[in-house]
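S.K.: would you be able to build a 3D model of this:
(2 chains)
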Amino acid sequence: MKKILIVDDQIEVRELVEVTLRAEDCEIFKAESGEVAIQIAKKERPELIILDVMMPGGMDGLETCKILKGDPETRGSTIIMLTAKGQEIDRQKGFEAGADDYFVKPFSPLELLKKVEEVLR
Amino acid sequence: MNEAKEKYKIIVMVVLLAGACFLTYYFHVVAGRGTVFTHLFYVPIILAARWWKIKGIAVPLFLALLLIFSHFPVRADVETVNDLIRAPMFILVGLTAIVLTERIAKAEQKAAHLNAVLGAIQNVNRLIARENDRDRLFEGVCYALIETRGYYTAWIALVDGSGKLVTFAEAGLGADFLPLVDQMKAGELTPCVQKALKQPDVVVTDDPSSACADCPLAKSCAGMGAMTLRLEHDGNIYGLLSVSIPAEFTANEEEQALFKELAANVAFAVHEMELEEERKSSEEKLARQAQELSHEREKLKVILQSTADGILVTDPQSRILMANPSAEHLLGFSFKEVVGKKLDVTIREKTLTEKIYKTRQEARIGYEFELELKDPTSSEPRVLSGKTACLKDREGKVMGVVTALSDITRLREVDRMKTEFLSTAAHQIRTPLTSIQGFSEILLTREIGKEETRKFLTYINKQAVELAAIINELLDISRIESEKGFKVEKHPCSIQPIIEENVRIFEETSKIHRFHIDLESDIPDISMDRDKISQAIKNLLSNATKYSPEGGEIRISARRRDQKTIEISISDQGIGMTDQQLYHVFEKFYRAGASDKAVEGTGLGLSIVKGIVEAHGGKIWMESRYGVGTTAHFTLPVNTNVR
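M.R.: Numbers count the residues shown, from 1 in each chain, chains lettered A, B, ... in the order given. Here you go, the predicted structure:
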């Protein structure tokens, strides 16, 4: 079973993504901060990480992404940024940090699902 | 006196005649010594001529008759011829004496008159040298002319630029002169005036009463002669001078010569006066122009000095000619120290100097550019916008370059904040929209259980409410921005329940913070807009929790500051602010540390609180120490009308 890690400080968003991916045959992990996300990623080695950028207090998504992509243990995970920061410069920053894809909030669950299926195939 | 003198003269004459008669009788008749003593008769004859002139002929006539008639009865035989010849001799001598006396008197009179005229001329000359006022001069001249009795009357008329007689002065004429003035003003010129204006010689009028019956002066000058002459100097005719004198002197050459000299002097005085006036008016004009110029220059200077933009002027060799205080301030030099110095020595900033050089070389209108200058008082550089323009003279020669500099740091900062605000606002709106769009799409596209459907709808509803709150905040700030400001509806109410309600809400949502309420017991009711004050307290509590992510105590207190104000303070033990952050804290869109750490908010909360507090007539301020915590204070005036 494929493992997916959802990282977002807002519980509603975590739940929304989880519900979106419910149809998929996969195991879901959730984290409310970058620090927790790194711990889980190291332990579970998820195929996919869906990562928020703005998380108050501590590490933000870009930083988390850099660390994950810089660590040989977690480098293999595909990272999709899912953020309210929708400007071109933010998108660039996301890719620079090592993100594989970039989704802007608000998003369509159907589209996210398609993207996830693409990644997992 | 004269009568007494006359009586005395008659007595003397009678005595002399009686004495002469007696002596003649005695020697001629009694002593028989002939008429030798008749020689004594010449004494009364000459005296009579001196005294009575032509009337005095009576004395020689009387003596002649006396001699003849006394001769025959007394001595008809002796010296008849001698006696008879002696009688007409008496008459002859008497007549001669009379003629001589008359002549001498006339000569004396003439000499006295000429003397008087000379005296008048002297006075006039003195006056000309002394007097600067035109009208006073001419009146003085007229008066001086009659003062010495040189002339009976005198008047002057002066022409204006168009040749009309306009200015008049007189002496000795009084009211009689006025009709003549009126005539001359009206352009009706008497024959003597017309003639005098046309020719350079003295115009003599023998007796106005007979010669010019129409002249208004005819009556008052009856029996006198008059001389009229134009006032001329260097070919310019300035007017007329006219005097009246004893008629017998008018033909006299010396009189006329003196009168001409007098007129020449007066004309010269007029000429000098006109020159002086011209000089004065041109001097005044110059002085006025100079004053206007200096006034203009002063005005320009003041304008330049008080212009907010920096103005820098350089000459063709790129030396500094002028810099106003704003330029001194922006570029960080003192004009006095750099005046005349080369640009590149004074200004290190390459962009500026290059643009000035280029403007001069290309002699073009100029460049618009921006440059950043290091600001010693701040870590941020100062952003200046500059414009250069080439200064050219009328021939198109380059005189230098003028550069205008304005500080657009604030503008840039506001721009940056606005952009940041827009992206923050967009982000703020996106977050609730994510749940709304996402869950609604799930609900629409999937079969979801009843319980879960309810949960998702709750999320959607909650986020819609959040979205509405964000939009209200944005509207609030635009209301504060607009001219009208905040509208508050004030009613007296207690601050305590407002504080408690808000704290209760935060206690539920923020478990890591300990909330402490500290209210003085005697806080009176305050006239306020309850909802707005509640919003302010909510915003401040929200900041306190947001900026103390590690938790800690949040204390909210209210106390009486003085009779008129109460003070509400909210303090946290959070991350605090640096002095610079504190300085900007009330600026719209400003979020302390927004760039590095993600702290939720539009950056409008404090601006809204400030707007609310100020709309209530209160004040707001912040204290903060970096890493220690922040306290927000605000005051509200106690409405004394409310019990």
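
S.K.: quick one, what contacts residue B:202?
M.R.: B:227-229, B:256, B:259-260 (Cβ atoms under 8 Å, 6 or more residues apart in numbering or on different chains). (Each C-beta comes from the backbone N, C-alpha and C, glycine too.)

S.K.: tell me which of those residues is nearest to chain A?
M.R.: When the contacts of residue B:202 are compared for distance to chain A (Cβ to the nearest Cβ), residue B:229 wins out at 103.5 Å.

S.K.: for the residue nearest the centre of chain A, give me the backbone phi and psi.
M.R.: Taking Cα atoms, centre = their mean as the criterion, residue A:50 is the residue nearest the geometric centre of chain A, at 1.6 Å. Taking degrees, to the nearest 10, you get phi -100, psi 120 for the backbone angles of residue A:50.

S.K.: gap between it and chain B?
M.R.: 13 Å (Cβ to the nearest Cβ, to the nearest Å).

S.K.: in the stretch 1-150 of chain B, what residue is nearest chain A?
M.R.: In the stretch 1-150 of chain B, no residue comes nearer to chain A than residue B:132, which is 86.0 Å away by Cβ to the nearest Cβ.

S.K.: and the strands in chain A?
M.R.: For chain A, the strands defined by DSSP state E cover A:2-7, A:26-31, A:48-51, A:78-83, A:101-104.

S.K.: output these in CSV, with mean pLDDT appended to each entry.
M.R.: Converted to CSV, these look like this (pLDDT from 0 to 100):
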stretch, mean pLDDT
strand A:2-7, 93
strand A:26-31, 93
strand A:48-51, 94
strand A:78-83, 94
strand A:101-104, 92
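
S.K.: which of the ones you listed is buried the deepest?
M.R.: Among the strands of chain A, the stretch with the highest mean neighbour count (mean count of other Cβ atoms under 10 Å in any protein chain shown) is strand A:48-51, at a mean of 28.

S.K.: adjacent strands (with direction) for that strand?
M.R.: Paired strands of strand A:48-51, with direction, are strand A:2-7 (parallel), strand A:78-83 (parallel) (DSSP bridges).

S.K.: just the C-alphas of the first one, formatted as PDB.
M.R.: The C-alpha atoms that make up strand A:2-7 are tabulated as PDB, following Å, rounded to 0.1, in the frame of the first residue of the first chain:
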ATOM      1  CA  LYS A   2       1.300   3.500  -1.000                       C
ATOM      2  CA  LYS A   3       2.000   5.900   1.800                       C
ATOM      3  CA  ILE A   4       1.000   9.600   1.600                       C
ATOM      4  CA  LEU A   5       1.900  12.300   4.200                       C
ATOM      5  CA  ILE A   6      -0.300  15.300   4.500                       C
ATOM      6  CA  VAL A   7       1.300  18.400   6.100                       C
END
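
S.K.: and it, how far out from the chain middle?
M.R.: Centroid displacement of strand A:2-7 relative to its chain, using Cα atoms, centre = their mean, to the nearest Å, is 7 Å.

S.K.: next, the angle strand A:26-31 makes with it.
M.R.: Angle of strand A:2-7 versus strand A:26-31, following axes from the mean of the first three to the mean of the last three Cα atoms, to 10 degrees, is 20 degrees.

S.K.: likewise for the last one?
M.R.: The directions of strand A:78-83 and strand A:26-31 differ by 50 degrees, with the same axes, to 10 degrees as the criterion.

S.K.: now do strand A:78-83: everything it contacts.
M.R.: Residues outside strand A:78-83 that contact it (Cβ under 8 Å, 6+ apart) are A:8, A:13, A:17, A:47-54, A:61, A:65, A:68-69, A:90, A:94, A:98-105, A:107, A:112, A:115-116, A:119.
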